[in-house]
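Peer 1: from the sequence below, what's the structure:
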Amino acid sequence: MSTSLSHSFAWKELLQHRQTFINTDLNTLFQQSALRAHDFSLSVAGIHLDYSKNLITSESLRLFNALAKQQHFDAARLALQQGEKINNTEHRPALHIALRDRVTPSLYIDGVDVINEIKLAQIQMTQFVEALHQGRVHGATGKTITDVVNIGIGGSYLGPKLVVEALQPFWQPQVSCHFIANIDGSESREVLKKLRPETTLFIVASKTFSTQETLSNARLARDWLSRHLGTEAIDNHFVAVSSNNEAARAFGIKEKNIFPMWDWVGGRYSLWSTIGLPIAIAVGMEHFQQLLDGAHAMDQHFLLAPPTENMPFLLAMLQIWYGNFFGAQSQAIIPYDFYLRSLPEYLQQLEMESNGKRVNQKGDVLEEQTGCVIWGGPGTNGQHAYHQLLHQGTLLIPVDFIFSLKTHNPVNNHHALLVANCLSQSRALMVGKTLEQATDELIKKGLSAQEAQALAPHKVIPGNRPSNTLVMEELNPTTLGALIALYEHKVFSQSVIWGINAFDQWGVELGKQLSADIYQAMSQKNDVSAHVDASTAHLLKLFKDANHF
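Peer 2: Residues are numbered from 1 along each chain as shown. Okay, here's the model as predicted:
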């Protein structure tokens, strides 16, 4: 059975509207309206979005709104806010917005006031972070803790790492934060060799306390400490963030050193919770709270603004517009800010794990393309690498450009040059360069007409490539919180339109199951080819032979 979305009235209207842009380009749209940049821009929570360089008109917005109404967008965002179990396959609400809500007095889920739970957890975080910063947390030898290592993966790693990096100008000097995620022993070794066991504290961040990579790295850290400080050192050098207190205690972590995590917060939406402990340690609880406040401001906008004035919804619909109606399969995220260098990697998980789904909430196989390949990197580095594909490749790849009006590091004229490059890239994608322009340009440089005609086709840039530009007043905890929440709600908005569940991730389970089987096969002396495919058996043999199994 298949979904009927592509057969719905609103979808068919958009499909017909798509024909409008066969003979209309972005340059023409700007020529037709001197107010286009004004009409297709909005500002929310310290973020300005210019989406005028998109293949849309006011009629497009009307049809986006009609689709939102058809797919019950208003009811869906209300259900998110009220804690309904919108994660229908796991029978859970998705309450990440409650984590940054300091206004709502209470919200009961299955008889538990989650707002009170959040407040208690934040009090525990505050007390611990202040003790760390004041030098009142000591290791087994009595020395003050100076370094904290967060051991987690996925949402327990990507979000905290992004925010800690992005807020480097706000780091406090007392304690340094480090991250270990990959099960690759090289990563752990490179982090640990820089640290002193007697002054290092580990955070084991795992909601279930059963994630293979996280537990393997936690055991490695525990062994490292034991070799240097003895087996009792774990009491002073480990804390956990988990919903599985029993497993954390069995590992050797004291009850008072376990920070709560809840099943109504998904991993990739959890940086606002106790999973954000390394963020609070890096920048202090005051700045952590500002991060939450920025996200809350975006939450309020998302929950209250009508679709055509709703920043997350507009970003969501633009990506659906290009993916489902123009055939685009990827989206580039290009922050012109060194501190946001990990944003594309973070958004890969947020978007691709959330909306990489093939069935709708009823379990019906979808006819429409869902999800999007997210990629990118910091500008201006990409201009000397993948921007060639953006400008002259045959693929349609919409781009989000991101920059700040002010910099934390005003070095010479660097920030002006950085922003000039950002603006020039979005403009070049739009205007392009015609064959006539390329030919004239070459002749003016001294080439003969024949030489210019031969070379000019290689210099033609089609243009008419869409992009958004997001501008922050300044990259700080508040605007960063708003930016991340913006993309969270964009992802949710898309899931509402497609009718899918953005909060489960069953697609990762099969690989985990097979990994355990293959790992067991590695230690077997006998031939395992009867139990796996020929390719896997061949590769297993190569590994076993190289490691003398």
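Peer 1: pull the number of nearby residues for the closest residue to Val283 other than its chain neighbours.
Peer 2: Nearest non-adjacent residue to Val283, counting by Cβ to Cβ, 6 or more residues apart in numbering: Phe170, 4.5 Å away. Heads up, the C-betas are built off the backbone N, CA and C, glycines and all. Phe170 has 20 neighbouring residues, counting by other Cβ atoms under 10 Å.
Peer 1: from Val164, how far off is Phe170?
Peer 2: For Phe170, the distance to Val164 (Cβ to Cβ, to the nearest Å) stands at 10 Å.
Peer 1: what do you get for Ala537?
Peer 2: 42 Å.
Peer 1: for the stretch 51-200 of the chain, what spans make up the strands?
Peer 2: Along the stretch 51-200 of the chain, the stretches classed as strands by DSSP state E, counting those that start in this stretch are 108-109, 112-113, 147-151, 176-180, 200-205.
Peer 1: model confidence over the third one, on average?
Peer 2: Rounded to a whole number, the mean pLDDT of strand 147-151 is 98.
Peer 1: list the buried ones in whichever strand or helix holds Thr536?
Peer 2: Using DSSP states H and E, Thr536 sits within helix 534-546. Residues of helix 534-546 classed as buried: Thr536, Leu540, Lys544 (neighbour count, 16 or more other Cβ atoms under 10 Å).
Peer 1: turn those residues into CSV, columns for distance to Leu315 and pLDDT.
Peer 2: Below are those laid out as CSV (distance: Cβ to Cβ, whole Å; pLDDT from 0 to 100):
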residue, distance to Leu315, pLDDT
Thr536, 40, 90
Leu540, 44, 89
Lys544, 48, 87
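Peer 1: distance to Asp337 for the residues you listed - can I get that in JSON lines?
Peer 2: Output for the buried residues of helix 534-546, formatted as JSON lines (distance: Cβ to Cβ, whole Å):
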{"residue": "Thr536", "distance to Asp337": "42"}
{"residue": "Leu540", "distance to Asp337": "44"}
{"residue": "Lys544", "distance to Asp337": "46"}
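Peer 1: follow-up on the earlier one: mind giving me the packing neighbours of the helix holding Thr536?
Peer 2: Here helix 534-546 touches helix 509-522, going by 3 or more Cβ pairs under 8 Å, 6 or more residues apart in numbering; DSSP states H and E.
Peer 1: what's the distance between the residue nearest to His228 when sequence neighbours are not counted and Ser226?
Peer 2: Excluding the flanking residues, the one nearest His228 by Cβ to Cβ, 6+ apart is Pro197, at 4.0 Å. Between Pro197 and Ser226 the computed distance is 9 Å (Cβ to Cβ).
Peer 1: of these two, who's got more company?
Peer 2: Shown here are Pro197 and Ser226; by other Cβ under 10 Å, Pro197 has more neighbours (20 against 14).
Peer 1: what's near enough to touch the more buried one?
Peer 2: Gly139, Trp224, Leu225, His228, Leu229, Ala233, His237 (Cβ atoms under 8 Å, 6 or more residues apart in numbering).
Peer 1: now do the same contact list for the fifth one.
Peer 2: Right, the one you point to is Leu229. Gly139, Ala140, Thr141, Pro197, Glu198, His237.
Peer 1: now do Gly327
Peer 2: Residues in contact with Gly327 (Cβ under 8 Å, 6+ apart) are Leu396.
Peer 1: what helix or strand is the spatially most central residue of the chain on?
Peer 2: Nearest to the centroid of the C-alpha atoms of the chain, with distances taken as Cα atoms, centre = their mean, sits Leu347, at 2.3 Å. Per DSSP H and E: Leu347 is located in helix 343-347.
Peer 1: how's the protein carved up into domains?
Peer 2: As given by automatic domain parsing, the domain ranges for the chain are 96-289, 507-546.
Peer 1: check which residues of stretch 45-53 are buried.
Peer 2: Ala45, Gly46, Ile47, Leu49, Asp50, Tyr51, Ser52, Lys53.
Peer 1: bridged to the fifth one, which residues?
Peer 2: On the basis of DSSP bridges, Asp50 is bridged to Ser41, Thr469.
Peer 1: who are the packing partners of the lowest-mean-pLDDT helix or strand in the chain?
Peer 2: Between all helices and strands in the chain, the lowest mean by mean pLDDT, DSSP states H and E belongs to helix 509-522, at a mean of 86. In terms of contacts (3+ Cβ pairs under 8 Å, 6+ apart), helix 509-522 is packed against helix 212-229, helix 534-546.
Peer 1: report the angle between the first one and strand 147-151.
Peer 2: Per axes from the mean of the first three to the mean of the last three Cα atoms, to 10 degrees, the angle that helix 212-229 makes with strand 147-151 is 150 degrees.
Peer 1: in helix 212-229, what's buried?
Peer 2: Buried residues in helix 212-229, counting neighbours by 16+ other Cβ under 10 Å, are found at Glu213, Thr214, Leu215, Asn217, Ala218, Leu220, Ala221, Arg222, Trp224, Leu225, Leu229.
Peer 1: Gly159 versus the residue nearest to the centre of the chain, what's the distance?
Peer 2: Applying Cβ to Cβ to Leu347 and Gly159 gives a distance of 11 Å.
Peer 1: same thing with Asp293?
Peer 2: 17 Å.
Peer 1: more crowded one of those two?
Peer 2: Gly159 (27 against 16).
Peer 1: mind listing what that one touches?
Peer 2: By Cβ under 8 Å, 6+ apart, Gly159 lies in contact with Arg268, Ser270, Leu271, Ile275, Gly276, Tyr346, Ile484.
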